[in-house]
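Could you work out the structure for the sequence below:
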Amino acid sequence: MAEGLKIGDKVVMVDCYEARLEANKDKIWTVVSDPWDLCSSEVVKLQGKAGGFATEFLKRVEG
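Numbers count the residues shown, from 1 in each chain. As a prediction, the model looks like this:
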């Protein structure tokens, strides 16, 4: 969903289990890594979140 993400971009989680969790609703995350391939999925590191997160479930926002 959010193609071409780069370090410093602001994103929200969409269309996934994590996006429905109360702690993540409307939370704006900061991308802190360049995208990389993990088991055929493009992922990025989000500030304050362990591991990589699939970019297909992220939407870039202004912030």
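
Need the contact partners of the host helix or strand of V11.
Per DSSP states H and E, V11 falls inside strand 10-13. Strand 10-13 is contacted from outside by 2, 5, 19, 24, 26-31, 46, 53, 57-63, using Cβ atoms under 8 Å, 6 or more residues apart in numbering. In short, each C-beta sits where N, CA and C put it, glycine included.

try it again with 10 Å
By Cβ atoms under 10 Å, 6 or more residues apart in numbering, the surrounding residues in contact with strand 10-13 are 1-2, 5, 19-21, 24-31, 44, 46, 49, 53-55, 57-63.

need the helices for the chain, in chain order.
For the chain, the helices defined by DSSP state H cover 17-20.

what separates P35 from V43, distance-wise?
7 Å (Cβ to Cβ, to the nearest Å).

Likewise for A23?
20 Å.

what does F57 give?
F57 is 10 Å from V43, by Cβ to Cβ.

Next, the buried residues of stretch 29-36.
Buried residues in stretch 29-36, defined by neighbour count with 16 or more other Cβ atoms under 10 Å: 29, 31, 35.

scratch that, stretch 32-50
35, 42-46.

And the residues you listed, which two are furthest apart?
Greatest spatial distance in the buried residues of stretch 32-50: E42 and L46, 13.5 Å, computed using Cβ to Cβ.

Return every residue with contacts to both of these two.
Counting by Cβ under 10 Å, 6+ apart, the shared contacts of E42 and L46 are 52, 58.

contact partners of stretch 44-57?
Residues outside stretch 44-57 that contact it (Cβ under 10 Å, 6+ apart) are 1-7, 9, 11-19, 24, 27, 29-39, 41-43, 58.

Apply 8 Å and report the result again.
Contacts of stretch 44-57 (Cβ under 8 Å, 6+ apart): 1-3, 5, 11, 13-16, 18-19, 29-36, 38, 41-43, 58.

Return the subset of those lying in strands.
Among the contacts of stretch 44-57, DSSP state E puts 11, 13, 29-30, 36, 38, 41-43, 58 in strands.

Need the max-distance pair from those residues.
By the measure Cβ to Cβ, T30 and S41 form the most distant pair in these, at 20.2 Å.
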